[in-house]
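**Q** Can you look at this prediction? I've put the sequence above it.
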Amino acid sequence: MRLVDTHTHLDFPVFEADRGALLDQAQARGVERVVVLAVHRANWQRVWDLAEQDPRLYAALGLHPVYLAEHRPQHIDELRHRLERLAGAHKLCALGEFGLDYYVPGLARDAQQYWFEAQLALAAEFELPVLLHVRHCHAPVIAALKRYKLARRGIIHAFSGSYEEAREYIKLGYCLGVGGAPTWPQAHRLHKVLPRLPLEHVVLETDAPDMAPAMHPGVRNSPLHLPDICQALAQCMGLEPQALAQASTANAYRVFGW
């Protein structure tokens, strides 16, 4: 089984002591590539350095809506300049993590929209796929994606919406990232939506260290858990795990241009 973890935050301090050993163990279980996403300007270089140092890691750079208070207008220009310097670099696979979050209280929606659209414009300019954070706000995200019509599309991270919302993203050419959340018994809507999704639009992820799956409750999530997530989701979707793994990996390679 060959797998790609399309969404992690392996730069977080919780992985500092055993990151290499963890990646070795995950690789032994078939996880061959892992995407690490930056969330604010302060960790762009950190994420890039990790990707440069380990052949299994790939970097995505962005400005996450939850870190709104840390973003400054000049950070968009700094991100553009960094993307110019890294243009064509094999280890830069996407722009992200960015998007909209209407769930966390106190995040100004107008400000979120500014950062969201500024980064969509950068993705269009540099022809990069996007890794999007979308929480309780599918309608405005879909509306923006219809306006920008990115050449390379991307992934809707941790998709938890309705089948109708999934269908809108799929019509626009986006993949849906699924991970630990649907493995929990209480994820009733996802249990109904997942079997209806076309395999060519599904990618697997962990969101490590967050969103631990039901078979590993209350622990630090990591790429090591991706094979177990694949097995549980395949059962929910009425598939063999190998079929889901093969499709997800092919989709990830297509999205990232590998």
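**A** Yep, that arrived.
**Q** Give the residue spans of the protein that score low on pLDDT.
**A** Along the chain, the model assigns pLDDT under 70 to no residue.
**Q** Show me which helix runs longest in this protein.
**A** helix 109-126 (DSSP state H).
**Q** following that helix, which helix or strand comes up?
**A** Per DSSP states H and E, helix 109-126 leads on to strand 130-135 as the next helix or strand towards the C-terminus.
**Q** What pairs with that next one, parallel or antiparallel?
**A** strand 92-101 (parallel), strand 154-157 (parallel) (DSSP bridges).
**Q** As TSV, those strands with distance to residue 135 and mean neighbour count would be great.
**A** (Glycine included, C-beta is placed from N, CA and C.) Listed next are the strands paired with strand 130-135 as TSV, based on distance: least, CB to CB, whole Å; neighbours: other CB atoms under 10 Å:
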stretch	distance to residue 135	mean neighbour count
strand 92-101	5	25
strand 154-157	9	28
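**Q** returning to what we had before: and the longest helix of the chain, how far out from the chain's middle?
**A** Chain-centre distance of helix 109-126: 17 Å, with CA atoms, centre = their mean, to the nearest Å.
**Q** buried stuff in it?
**A** In terms of neighbour count (16 or more other CB atoms under 10 Å), helix 109-126 has its buried residues at 112, 115, 116, 118, 119, 120, 122, 123, 124, 126.
**Q** ok, of those residues, which one's closest to residue 19?
**A** Ranked by distance to residue 19 (CB to CB), these are led by residue 119 at 27.0 Å.
**Q** which residues touch that closest one?
**A** Contacts for residue 119 were tallied using CB atoms under 8 Å, 6 or more residues apart in numbering; they are 62, 63, 76, 79, 95, 98, 130.
**Q** before we move on, what about residue 178?
**A** Taking CB under 8 Å, 6+ apart, one finds 158, 159, 190, 194, 202, 203, 204, 205, 233 in contact with residue 178.
**Q** What are the buried residues along stretch 137-147?
**A** So, applying 16+ other CB under 10 Å, buried residues of stretch 137-147: 137, 138, 141, 142, 144, 145.
**Q** Adding distance to residue 89, write the buried residues of helix 109-126 out as JSON lines.
**A** As requested, the buried residues of helix 109-126 are exported to JSON lines (distance: CB to CB, whole Å):
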{"residue": "112", "distance to residue 89": "28"}
{"residue": "115", "distance to residue 89": "23"}
{"residue": "116", "distance to residue 89": "24"}
{"residue": "118", "distance to residue 89": "22"}
{"residue": "119", "distance to residue 89": "18"}
{"residue": "120", "distance to residue 89": "21"}
{"residue": "122", "distance to residue 89": "15"}
{"residue": "123", "distance to residue 89": "16"}
{"residue": "124", "distance to residue 89": "19"}
{"residue": "126", "distance to residue 89": "11"}
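**Q** and which of those residues is nearest to residue 152?
**A** residue 123 (7.6 Å).
**Q** Hmm, the closest one is touching residue 132, no?
**A** No: here residue 123 lies out of contact with residue 132, judged by CB atoms under 8 Å, at a distance of 9.9 Å.
**Q** ok, back up a step: tell me the one of the contacts of residue 178 nearest residue 11?
**A** For the contacts of residue 178, the nearest to residue 11 is residue 205 (15.8 Å; CB to CB).
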